[in-house]
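S.K.: fold the following, please.
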Amino acid sequence: MTIETIPARKGLRLRSFLGRRMARKAGRSSLSPATSAEHARARMDKAGRQLPMPKDVEVARTEIGGLDALAFAPESARNGMLVYLHGGGYSRGSALSHRALVARMAAAFSLNAISVNYRMAPEHPCPAAIEDAVAALEAVMANETGPVILAGDSAGGGLALAAAIRLRDAGRRVPDALYLLSPWTDLSMSGESVKTRALRDPMLNPDYLGAGGALYLGGRPGTDPEASPLFADLHGLPPTLIQVGSDEILLSDSTRLAEKLEAAGVPVECEVWEGMWHDFQIFSPLIPEADWAIDRARVWVELQLA
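M.R.: Numbering: from 1, shown residues only. The predicted structure is shown next:
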């Protein structure tokens, strides 16, 4: 079965409660349309500086494909590269805000990593972010002989999918695997979970999605396949791992994507984490489920690298 439910673990209610409170605060301060993009970006970067980092990963500023980025070098890195595209509704977030998450992935996967600062809305609507993601990927793959894993969360997950589609359509090398965390793949908000999970997701709500989507679309319809890759042709894409929480309003974006990928002949696994919310992996190490999710991704990545 393409879609697998990961049962909630017992005895962790206090940590889950605290995590939900943090997620609700993060959503209100950084994703709400009541907060300007400028202030939200500054808040997310400040939070990124405060999150605990793994000790065995060196981080440095770099440039890739003409874009500012962060480079992550774990101890005993193997041949290959992880390329990461941050979330934030296409108008917020940065490589810095997601620094701790990418560092944990680099350490878990034993891969050097690049986290890219792509152009964002409202200054740069679609397809600017896709163009930047493709430029970064092509620069990495021009110099990397080993496998390239492309990952992203939320808007970054949708962006990763859109970038892979553009490379495929251009007849260029595509990443060897996709790892998508709570990907935002449908800016038309037609998924049933946008309504059924609206009161259960502590981080996102339909108003946040609607406002952020309008900025990125820049007048395009929400079903435009570039902005909403759920509606694109998905044939010929690389093996894909999707992780999503059962309580998030983007649940349908993930489950429908998994079904469409499978129908297109793409090897895909979709994990629905019971009781978890949008982008719960960001809350590692506070939430044990976040660490378990990254570890399950490590096992999947091992299979792809093999």
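S.K.: buried residues in stretch 166-179, which are they?
M.R.: Buried residues in stretch 166-179, defined by neighbour count with 16 or more other C-beta atoms under 10 Å: Arg166, Leu167, Arg168, Val174, Pro175, Asp176, Ala177, Leu178, Tyr179. No exception for glycine: its C-beta is placed from N, CA and C like everyone else's.
S.K.: can you tell me the SS state at the last one?
M.R.: Using DSSP: H, G, I helix; E, B strand; the rest coil, the secondary structure recorded for Tyr179 is strand.
S.K.: so which strand or helix has the residue lying closest to it once chain neighbours are set aside?
M.R.: Spatially, and ignoring its direct neighbours in sequence, Tyr179 is nearest to Ala151 (4.0 Å; C-beta to C-beta, 6 or more residues apart in numbering). Assigned by DSSP states H and E, Ala151 belongs to strand 148-153.
S.K.: run the chain-centre distance for stretch 96-109.
M.R.: With C-alpha atoms, centre = their mean, to the nearest Å as the basis, stretch 96-109 stands 12 Å off its chain's centre.
S.K.: on that earlier part again, quick one: mean pLDDT for the strand holding Ala151?
M.R.: In this model, strand 148-153 carries a mean pLDDT of 98.
S.K.: other SSEs contacting that strand?
M.R.: In terms of contacts (3 or more C-beta pairs under 8 Å, 6 or more residues apart in numbering; DSSP states H and E), strand 148-153 is packed against strand 81-85, helix 99-109, helix 128-143, helix 155-169, strand 177-181.
S.K.: measure the closest residue to Pro221 other than its chain neighbours to Phe231 for me?
M.R.: Closest residue to Pro221 apart from its sequence neighbours, by C-beta to C-beta, 6+ apart: Ser188 at 7.3 Å. Distance of Ser188 to Phe231, given as C-beta to C-beta, to the nearest Å: 8 Å.
S.K.: my guess is Gly218 contacts Glu123. True?
M.R.: No - with contact defined as C-beta atoms under 8 Å, Gly218 does not count as touching Glu123 (10.5 Å).
S.K.: what about these two, which has more around it?
M.R.: Gly218 (14 against 10; other C-beta atoms under 10 Å).
S.K.: need the contact list for that one.
M.R.: By C-beta atoms under 8 Å, 6 or more residues apart in numbering, Gly218 lies in contact with Ala121, Pro122, Pro125, Cys126.
S.K.: angle of the strand holding Ala151 against helix 155-169?
M.R.: 140 degrees (axes from the mean of the first three to the mean of the last three C-alpha atoms, to 10 degrees).
S.K.: next, the residue nearest to Pro221: secondary structure please.
M.R.: coil.
S.K.: ok, it - contacts?
M.R.: So Ser188 contacts Pro221, Gly222, Thr223, Ser228 (C-beta under 8 Å, 6+ apart).
S.K.: quick one: the strands in the stretch 201-306 of the chain?
M.R.: 240-245, 268-273 (DSSP state E, counting those that start in this stretch).
S.K.: given the last one, what are its sheet partners and their directions?
M.R.: Paired neighbours of strand 268-273 in the sheet (DSSP bridges): strand 3-6 (parallel), strand 240-245 (parallel).
S.K.: return the distance of the last one from the chain's centre.
M.R.: It refers to strand 240-245. Centroid displacement of strand 240-245 relative to its chain, using C-alpha atoms, centre = their mean, is 9 Å.
S.K.: tell me what angle that strand forms with strand 177-181.
M.R.: Using the same axes, to 10 degrees: strand 240-245 against strand 177-181 is 10 degrees.
S.K.: who's in contact with strand 240-245?
M.R.: Under C-beta under 8 Å, 6+ apart, the answer for strand 240-245 is 177-183, 201, 250-251, 253-255, 257-258, 261, 266-273, 275-278, 280-281, 293, 296-297, 300.
S.K.: cutoff 7 Å now
M.R.: 178-183, 250-251, 254, 257-258, 261, 266, 268-273, 276-278, 280, 293, 297, 300 (C-beta atoms under 7 Å, 6 or more residues apart in numbering).
S.K.: what do you get for stretch 194-203?
M.R.: Taking C-beta under 7 Å, 6+ apart as the rule, stretch 194-203 contacts 20, 23-24, 26-27, 205-206, 247-249, 251, 277-279.
S.K.: closest one to Val134 out of those, please.
M.R.: Asp279 (23.6 Å; C-beta to C-beta).
S.K.: next one: the closest one, what pLDDT does it get?
M.R.: At Asp279, pLDDT is 94.
S.K.: what residues are up against it?
M.R.: Asp279 neighbours (C-beta under 7 Å, 6+ apart): Gly87, Asp153, Ser154, Leu181, Ser182, Met203.
S.K.: just give me the neighbour total for the last one.
M.R.: Pointing back at Met203 there. 27.
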